[in-house]
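Colleague: Here is the input, now give the coordinates:
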Amino acid sequence: MGNEPDLSSDIWLFYPSDDDPGMWVGHSILTDQIGMGESVLEAYIVLKRVIRALLEEAKANPGTRVFSPAPKEVIGRLQRSRPLPKSITERAEEAQDRRRRKTPALRGNLRAVVDLAEMAA
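Modeller: Numbering: from 1, shown residues only. As a prediction, this is how the structure comes out:
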């Protein structure tokens, strides 16, 4: 994608929503974009679509701000997080293929983590 912003060092953090019981939030640390779903898997799929839309907007309108760090309280959750199981990311990709909504892969070595302390609470 040519001059696409490099999000290869981004981290996607997943945690239960504080405002919507039963919902999960997927939060991009570098862009402060979020996706929500009833599971980590759904939040991952939604966040991927949101990030892809942001990158497409930035390509069409070069003045679009892509990088906007997440709030400190979200970044603080990273200390107690663990890598998201690869099976979840694989299932997300399979679900998108089944829906025939092929979302292009995001470039780089994206890290996805889940806040396990929040899961246990």
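Colleague: Ala112 reaches Leu84, doesn't it?
Modeller: Yes: between Ala112 and Leu84 a contact is recorded at 3.9 Å, counting by C-beta atoms under 8 Å. To be clear about C-beta, it is placed using only N, CA and C from the backbone, and glycine gets the same treatment.
Colleague: Residues in contact with both of those two, list them for me.
Modeller: When contacts are counted by C-beta atoms under 8 Å, 6 or more residues apart in numbering, Ala112 and Leu84 are jointly contacted by 12, 14, 44.
Colleague: Which ones among those residues map onto strands?
Modeller: Within the shared contacts of Ala112 and Leu84, residues falling in strands by DSSP state E are 12, 14.
Colleague: In CSV: the shared contacts of Ala112 and Leu84, plus distance to Ser68 and neighbour count.
Modeller: Shown next, in CSV, are the shared contacts of Ala112 and Leu84 (distance: C-beta to C-beta, whole Å; neighbours: other C-beta atoms under 10 Å):
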residue, distance to Ser68, neighbour count
Trp12, 15, 27
Phe14, 19, 26
Tyr44, 20, 25
